[in-house]
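Student: The sequence and its predicted three-dimensional model are supplied below.
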Amino acid sequence: MATDGSNVFRAVPLARWRAKKEGIDLSLVKGSGPKDIILPRDIEKFKTTKSAVKTITHTKKKSASSLARKLAEKKGISLERVEGTGNRGRVMMADVIRVIEKGVIPGDGKGMFGRTLPMSQMRRVIAKRMSQSAFTAPHIYFFTDVEMDTLDKLREEVFPEFEKNFKIRISINDFLIKAVALTIREFPILNAILKGEEIVVMPEINIGLAVALEEGLIVPAIPHADRLGLGEIAQIRADLVERARTRKLKLEEIERGTFTISSLAQFDITFFTAILNPPQSGILSIGKATDHLALRDGKVISKKIARFGLSVDHRIIDGVVAATFLQSLKHRLEKATFTSL
């Protein structure tokens, strides 16, 4: 009989032997013999199921070079949490070193308390730029609630056509990028930077989209977004985000941004204040859309509401200008049509 703690699982010897060989937990196998005893055929059947694949994968020791294994053990890093770049995902010493240099050890956090973590090069750059922004540019913040139902409906209507014509899944971010770019056309001062004692309005509207990586945020920018169609924006956005995650962006693609969008809509975060991405003078923050009840023509209806925040450099942009910009963007999104974007 096979046992697991206080539970007992009846299995014939050959079935137990095969389960041990394949790394299969007998508690997950349903027996087909008398009194539910586990037979060899039950082991074979279980191997073909998805749960078997997951179980076997979980119990197998991750492939790693001896040097990588020794270094991981020394630093207290689980190899299961390290992405291998060797043949068939084998973890190499360079992979472990990369995790160490990031300054954040993937996992459940055990062993992190009381440690001093080195800052990665990317984190040092982020720290320097955020300090520069926070202590140099006087920020002011504005918030408004935007009804997202019209935009969601528009996306659903055009989704099949865009997927067919552009081979891309259009996202809400693509609509936001276009809407922000068009609104900046009306308010060029939101596309300005400060140089010495001069305000320089940048000639192109290049909208940056914050992309979260393990080490921090990176902001590739869609060039002249006001002049691109939604399909073109979607294609460029998808390419930039993919290359951001694989560390293949060019410096120019990061530095060309003139305004930034930072969205936490995928989290249960309703609003947040964002720090300017220097030398830019404006950044838009977007929280999660939530259901709100409202009255319309005497009837109770449900509306999807997302809170938008605008942070601006008060040296360049006055409060009335920022408020009017945000109000214009809100109106554009709530009355969105395919032709208006």
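Tutor: Thanks, I have the structure now. Numbers count the residues shown, from 1 in each chain.

Student: what about the helix or strand where residue 123 lies, distance to the chain center?
Tutor: Per DSSP states H and E, residue 123 falls inside helix 121-136. Computed by Cα atoms, centre = their mean, to the nearest Å, the chain-centroid distance of helix 121-136 equals 21 Å.

Student: Which strands and helices lie in contact with it?
Tutor: For helix 121-136, the elements it packs on are strand 216-218, judged by 3 or more Cβ pairs under 8 Å, 6 or more residues apart in numbering; DSSP states H and E. Where C-beta positions appear, they are placed from N, C-alpha and C, glycine not excepted.

Student: ok, the strand it packs on: who's next to it in the sheet?
Tutor: Strand 216-218 has the following sheet partners, assigned by DSSP bridges: strand 211-213 (antiparallel).

Student: Tell me the buried residues in the strand it pairs with?
Tutor: Neighbour counts over strand 211-213 (16 or more other Cβ atoms under 10 Å) mark residue 211 as buried.

Student: How far does that strand sit from its chain's centre?
Tutor: Remark: strand 211-213 is offset 6 Å from the chain centroid, using Cα atoms, centre = their mean.

Student: And for stretch 67-82?
Tutor: Taking mean C-alpha positions (Cα atoms, centre = their mean), stretch 67-82 and its chain are 26 Å apart.

Student: Just the terminal-to-terminal distance for that stretch.
Tutor: Its first and final residues considered, stretch 67-82 spans 14 Å by Cα to Cα, to the nearest Å.

Student: tell me which residues of it are tucked away?
Tutor: Buried residues in stretch 67-82, counted by 16+ other Cβ under 10 Å: 68-69, 71-72, 77, 79, 82.

Student: any chance of these in TSV, with pLDDT too?
Tutor: Listed next are the buried residues of stretch 67-82 as TSV, based on pLDDT from 0 to 100:
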residue	pLDDT
68	86
69	87
71	85
72	83
77	80
79	82
82	84
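
Student: Next step: those restricted to helices.
Tutor: Counted as lying in helices by DSSP state H, out of the buried residues of stretch 67-82, are 68-69, 71-72.

Student: what would those look like in TSV with distance to residue 201?
Tutor: Formatted as TSV, those follow (distance: Cβ to Cβ, whole Å):
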residue	distance to residue 201
68	52
69	56
71	52
72	52
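
Student: And those residues, which two are furthest apart?
Tutor: Of all pairs drawn from these, the one with the longest distance (Cβ to Cβ) is 69 and 71, at 7.4 Å.

Student: got any ranges where the stretch 51-200 of the chain has weak pLDDT?
Tutor: For the stretch 51-200 of the chain, the stretches flagged by pLDDT under 70 are 51-61, 101-112.

Student: Give me the distance between residue 323 and residue 130.
Tutor: Distance from residue 323 to residue 130, counting by Cβ to Cβ, to the nearest Å: 25 Å.

Student: Equivalent analysis for residue 180, please.
Tutor: In terms of Cβ to Cβ, residue 180 sits 22 Å off from residue 130.

Student: Residue 198 now?
Tutor: For residue 198, the distance to residue 130 - Cβ to Cβ - is 24 Å.

Student: Between these two, tell me which one has more neighbours.
Tutor: For residue 198 versus residue 130, the count of surrounding residues by other Cβ atoms under 10 Å is larger for residue 130: 16 against 8.

Student: So the more buried one is in contact with residue 277, correct?
Tutor: No: contact criterion Cβ atoms under 8 Å: residue 130 and residue 277 do not qualify, at 9.0 Å.

Student: ranges for the helices of the stretch 151-300 of the chain?
Tutor: 172-186, 230-245, 251-255 (DSSP state H, counting those that start in this stretch).

Student: Could you say which one of these comes nearest to residue 88?
Tutor: Closest among those, using Cβ to Cβ: helix 230-245, at 21.5 Å.

Student: List the buried residues for that closest one?
Tutor: Using 16+ other Cβ under 10 Å as the test for burial, helix 230-245 gives 230-241, 244.

Student: How about stretch 126-146?
Tutor: For stretch 126-146, the neighbour count (16+ other Cβ under 10 Å) marks 126, 130, 133, 137, 142, 145-146 as buried.

Student: Repeat that for stretch 196-216.
Tutor: Residues 202, 205-211, 215 are the ones in stretch 196-216 that count as buried (16+ other Cβ under 10 Å).

Student: I'd like those written out as a markdown table, with distance to residue 272 and pLDDT added.
Tutor: Rendered in a markdown table, the data for these read as follows (distance: Cβ to Cβ, whole Å; pLDDT from 0 to 100):
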| residue | distance to residue 272 | pLDDT |
| --- | --- | --- |
| 202 | 26 | 98 |
| 205 | 24 | 98 |
| 206 | 23 | 98 |
| 207 | 19 | 98 |
| 208 | 17 | 98 |
| 209 | 16 | 97 |
| 210 | 12 | 96 |
| 211 | 17 | 94 |
| 215 | 20 | 77 |
